[in-house]
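Trainee: sequence and predicted model, in that order:
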Amino acid sequence: MTEQIRILIASKGKPEALAQGFRQEFPQAEILTDPAALDGTPVPYVVAGKPDPGTIAAVPGLELVLSLNAGIEHLLAPGEVPEGVPIVRLVDPAMTEGMSDWCLAVVLSWHRNLPLYRADTEWTRRTEVLSRDRVVTVLGAGALGSRVARLLAAIGFDTRVWSRTGRAVEGARAFAGPEGLVEATTGADAVVNLLPLTDATRDVLDAALFARMNRGGLVASAGRGQHLVDADLIAALDSGQIGAAALDVFRTEPLPPEDPLWTHPGILVTPHVAAPTQPGSAVRIMAENIRRHMNGDPITEIADPARGY
Ligand code: NDP
């Protein structure tokens with residue numbers, strides 16, 4: 001390797017820790033953490049969190065953007081990554097493990113009435129249902145959704161999974177496309193959202209979907225806040241159509257203190273922690289993708305701007 005590698009870490013959260021990781025992977029490389037210090041020398045690689053708007057577009061000689069996140073809708077926004085520069089999504093088994101833990105925790109907790117027992121001060125024995133008698137629908141069958149659906153099915157839930165193309169998941173019934181969404185959510189007891197945010201998925205968790213579910217079910221969302229019509233969820237909880245919700249993502253983050261989602265008794269709020277990026281494994285995966293790019297080898301997980309994910 002003769003050419004010097006330059007990598008800009010465009011992330012507001014702890015860029016130094018990431019820089020240290022990249023220095024270990026590429027001891028000869030120049031690792032930059034301050035976009036303001038760019039001097040016109042080409043920087044082929046940008047490791048991107050959620051930098052200030054226009055930061056990435058201003059990088060000279062950009063060849064590849066490596067996202068620190070699985071969701072890349074902010075990088076596909078106009079004026080961010082120049083057309084033709086590939087964006088590599090972060091697909092990390094450690095992140096998938098974290099997301100599976102969060103989803104199983106909220107589904108099992110709701111399934112066995114734990115929040116209700118936690119609030120009880122009397123010996124109230126509630127009806128306990130077997131997992132095989134609950135229909136759980138996972139929206140999204142990608143890196144995250146497919147593992148979550150597989151694990152839910154392995155526990156015994158009657159599992160459905162919905163994706164754009166009807167991707168198969170072991171143990172689950174697969175549904176595709178807009179008509180598939182109606183079938184997949186009709187009679188569902190729980191819906192777990194792990195979709196990417198695109199024009200086609202925005203506002204997917206709305207009154208019509210809640211009305212198709214069995215009464216008193218669970219809505220869990222760790223995709224993006226814009227998937228949920230907040231007012232529709234609150235109305236469905238207030239009417240009893242939905243029994244409980246667990247939300248990890250919000251239209252505005254941090255969720256403002258005055259937001260009614262904070263105080264609604266049926267809603268569990270977690271602060272976008274379902275599957276945080278694990279810096280150690282993320283750096284190793286991104287470094288491997290940089291090596292593949294330098295060697296001209298194919299890179300999987302390149303986002304498709306036309307699809308939006
Ligand atoms: P993938 O790209 O691997 O999977 C996306 C899935 O969604 C695919 O199955 C895809 O279908 C499906 N999909 C996309 N568009 C549609 C549509 N219009 N209709 C039906 N299905 C659709 O993404 P990941 O699993 O890696 O991540 C999913 C999302 O999770 C991220 O985009 C991000 O928003 C969120 N996330 C949240 C985190 C958190 O901490 N809360 C952490 C990480 C991610 P197909 O298989 O047919 O292509």
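Mentor: Great, that's in hand. Numbers count the residues shown, from 1 in each chain.

Trainee: closest residue of the stretch 101-250 of the chain to the ligand?
Mentor: Closest contact between the stretch 101-250 of the chain and the ligand, by Cβ to the nearest ligand atom, is at residue 142 (1.7 Å). C-betas here are computed from N, CA, C, even on glycine.

Trainee: and for that residue, the neighbour number?
Mentor: Neighbourhood size, residue 142 [other Cβ atoms under 10 Å]: 19.

Trainee: likewise for residue 226?
Mentor: Quick note: residue 226 (other Cβ under 10 Å) scores 17 neighbours.

Trainee: distance of it from residue 197?
Mentor: According to Cβ to Cβ, to the nearest Å, residue 226 and residue 197 sit 5 Å apart.

Trainee: how about residue 15?
Mentor: Counting by Cβ to Cβ, the gap from residue 15 to residue 197 is 25 Å.

Trainee: what are the buried residues along stretch 121-136?
Mentor: For stretch 121-136, the neighbour count (16 or more other Cβ atoms under 10 Å) marks 131, 134-136 as buried.

Trainee: using TSV, lay out those together with distance to the ligand and secondary structure.
Mentor: As requested, those are arranged in TSV below (distance: Cβ to the nearest ligand atom, whole Å; DSSP: H, G, I helix; E, B strand; the rest coil):
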residue	distance to the ligand	secondary structure
131	23	helix
134	22	coil
135	18	strand
136	16	strand
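
Trainee: taking those residues, tell me the two that lie furthest apart.
Mentor: Greatest spatial distance among these (Cβ to Cβ): 131 and 135, at 10.4 Å.

Trainee: common neighbours of those two, please.
Mentor: Taking Cβ atoms under 8 Å, 6 or more residues apart in numbering as the criterion, residue 131 and residue 135 both touch residue 157.

Trainee: got the buried residues for stretch 67-84?
Mentor: Residues of stretch 67-84 classed as buried: 67-76, 80-81 (neighbour count, 16+ other Cβ under 10 Å).

Trainee: ugh, wrong one, I meant stretch 100-116
Mentor: 100, 102-107, 109-111, 113, 115.

Trainee: what's in contact with that stretch?
Mentor: By Cβ under 8 Å, 6+ apart, the residues outside stretch 100-116 that reach it are 124, 126, 128-129, 131, 134, 136, 138, 144, 147-148, 151-152, 155, 157, 190, 192, 194, 218, 220, 222, 243-244, 246, 248, 268, 270, 273-275.

Trainee: for stretch 227-246, same thing?
Mentor: For stretch 227-246, the surrounding residues in contact (Cβ under 8 Å, 6+ apart) are 106, 110, 115, 193, 195, 197, 201-207, 210-211, 213, 215-221, 247, 249, 251, 260-261, 264, 266-268, 270.

Trainee: buried subset of these?
Mentor: Applying 16+ other Cβ under 10 Å to the contacts of stretch 227-246 flags 106, 110, 115, 193, 195, 197, 201, 204-205, 210, 213, 217-221, 247, 249, 261, 264, 266-268 as buried.

Trainee: what sits against the residue of the stretch 101-250 of the chain closest to the ligand?
Mentor: By Cβ under 8 Å, 6+ apart, the contact set of residue 142 is 163, 167, 194, 196, 309.

Trainee: between the residues you listed, which is nearest residue 183?
Mentor: Residue 183 lies nearest to residue 163 out of these, by Cβ to Cβ, at 13.0 Å.

Trainee: which pLDDT value belongs to the nearest residue to that closest one once chain neighbours are set aside?
Mentor: Spatially, and ignoring its direct neighbours in sequence, residue 163 is nearest to residue 141 (3.9 Å; Cβ to Cβ, 6 or more residues apart in numbering). We note a pLDDT of 98 for residue 141 in this prediction.

Trainee: for residue 141, give me its contacts.
Mentor: Counted by Cβ under 8 Å, 6+ apart, residue 141 has contacts 149, 161-163, 167, 169, 174.

Trainee: please list which of those residues are also close to the ligand.
Mentor: Contacts with the ligand within the contacts of residue 141, counted by Cβ under 6 Å from any ligand atom: 162-163, 167.

Trainee: got JSON lines for the residues you listed, with pLDDT and neighbour count too?
Mentor: As requested, these are exported to JSON lines (pLDDT from 0 to 100; neighbours: other Cβ atoms under 10 Å):
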{"residue": "162", "pLDDT": "99", "neighbour count": "29"}
{"residue": "163", "pLDDT": "98", "neighbour count": "23"}
{"residue": "167", "pLDDT": "98", "neighbour count": "16"}
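
Trainee: would you turn those into TSV with secondary structure?
Mentor: Shown next, in TSV, are these (DSSP: H, G, I helix; E, B strand; the rest coil):
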residue	secondary structure
162	strand
163	strand
167	coil
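
Trainee: wait, doesn't residue 170 sit right on residue 153?
Mentor: Yes: using Cβ atoms under 8 Å, residue 170 makes contact with residue 153 at a distance of 6.9 Å.
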